[in-house]
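In: Starting from these lines, generate the structure:
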Amino acid sequence: MAMSVGGKGGGGGRRGGRRGGGRGGPIADINVTPLVDVMLVLLIIFMVAAPMMTSGVPIDLPQTQAGALNAQTQPITISIKADGQVFLQETQIDVAEIAAKLQAIATTGYNERIFVRGDGKAPYGVIADVMSRIQEAGYKNIGLVTQQQTTDH
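Out: Predicted structure coming up:
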């Protein structure tokens, strides 16, 4: 079989196999399709994962018939687990440190919204102590977080 050197089909000549009008320079086109594909996948992953990252302390909230609150800013959350451990956002703290820590992280001063998330099996005395310390520190906008009660009887 004879092979042609520099012919039309060989790709070694001036015009064979290259774009750009025969100049012979590198191709300067950037393929952005893989970049767009990766960004869309990351966007979907973050959209699905963001609602699951609301609060990291797993507790079993009691159920009430009260409706959900309409909130525009993210409140400070204090969680009390069933064994009496107290968490400010996701950090475990001592009950005696609550007032000092709240004053350090409150952005709107004493008007800051503070939500207390108490486990349904947590000792009532611990929840009452936490709420009284928050109130003694000067905060008036305190709310108890519960789950909406289901209608199954």
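
In: top helix in this protein by residue count?
Out: In the chain, with assignment by DSSP state H, the single longest helix is helix 33-49.

In: and the next element down the chain from that one?
Out: Proceeding N to C from helix 33-49, the next assigned helix or strand is strand 63-64, under DSSP states H and E.

In: Beyond that next one, next helix or strand please.
Out: Using DSSP H and E, the helix or strand that follows strand 63-64 towards the C-terminus is strand 76-80.

In: I'd like to know which elements that following strand is packed against.
Out: strand 86-88, helix 98-105, strand 114-118, helix 124-136 (3 or more CB pairs under 8 Å, 6 or more residues apart in numbering; DSSP states H and E). Quick note: C-beta positions are derived from backbone N, CA and C, even for glycine.

In: make it 7 Å
Out: strand 86-88, strand 114-118, helix 124-136 (3 or more CB pairs under 7 Å, 6 or more residues apart in numbering; DSSP states H and E).

In: between those, which one is nearest to residue 48?
Out: strand 114-118 (23.6 Å; CB to CB).

In: Now that closest one - C-alpha only, CSV.
Out: This file holds the C-alpha atoms of strand 114-118, laid out as CSV (Å, rounded to 0.1, in the frame of the first residue of the first chain):
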residue,chain,number,x,y,z
ILE,A,114,-33.6,34.0,70.3
PHE,A,115,-35.2,30.6,69.7
VAL,A,116,-35.0,27.9,72.4
ARG,A,117,-35.2,24.3,71.0
GLY,A,118,-35.8,22.0,73.9
